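Enquirer: turn this into a model:
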Amino acid sequence: MTNKKFSETSKGKANERYDKANTIRVSLKLNKNTDEDIINEISTNMPKSTQIKKLIRLGIEYKKILDSSK
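Expert: The predicted structure is shown next:
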């Protein structure tokens, strides 16, 4: 039993080190009244982070298209 606890602890520490070096956390606060359309859309089965990243990438591509047309 001790070995299992040790491996879970070391795995957790490894995940913490990886996250610290490679990730950031972003929080989003939505208003149930004014952001109802957004809340309904992100309540689908697709992971919220996937939806948000797709929209941001679409915005980046759109911006590139606008910038290249100047």
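
Enquirer: what are the contacting residues of the helix or strand encompassing Asp67?
Expert: Element membership of Asp67 [criterion: DSSP states H and E] is helix 48-68. For helix 48-68, the external contacting residues (C-beta atoms under 8 Å, 6 or more residues apart in numbering) are Leu28, Glu41, Ile42, Thr44. (Glycine included, C-beta is placed from N, CA and C.)

Enquirer: make it 6 Å
Expert: Applying C-beta atoms under 6 Å, 6 or more residues apart in numbering, the contact partners of helix 48-68 are Ile42.

Enquirer: that one - what's its average pLDDT?
Expert: Mean pLDDT, computed over helix 48-68, is 95.

Enquirer: what comes up buried for that helix?
Expert: By 16 or more other C-beta atoms under 10 Å, helix 48-68 has no buried positions at all.

Enquirer: what is the distance between that helix and the centre of its chain?
Expert: Helix 48-68 sits 14 Å away from the centroid of its parent chain (C-alpha atoms, centre = their mean, to the nearest Å).

Enquirer: now it - C-alpha only, CSV.
Expert: The C-alpha trace of helix 48-68 is given here as CSV (Å, rounded to 0.1, in the frame of the first residue of the first chain):
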residue,chain,number,x,y,z
LYS,A,48,-15.4,24.1,-23.0
SER,A,49,-11.6,24.6,-23.4
THR,A,50,-11.9,23.1,-26.9
GLN,A,51,-14.7,25.4,-27.9
ILE,A,52,-12.9,28.5,-26.5
LYS,A,53,-9.6,27.6,-28.2
LYS,A,54,-11.4,27.0,-31.5
LEU,A,55,-13.1,30.4,-31.4
ILE,A,56,-9.8,32.2,-30.5
ARG,A,57,-8.0,30.5,-33.3
LEU,A,58,-10.8,31.5,-35.7
GLY,A,59,-10.4,35.1,-34.5
ILE,A,60,-6.7,34.9,-35.1
GLU,A,61,-7.2,33.7,-38.6
TYR,A,62,-9.8,36.3,-39.3
LYS,A,63,-7.4,39.0,-38.0
LYS,A,64,-4.7,37.7,-40.3
ILE,A,65,-7.1,37.9,-43.3
LEU,A,66,-8.0,41.5,-42.4
ASP,A,67,-4.4,42.5,-41.9
SER,A,68,-3.3,41.0,-45.2
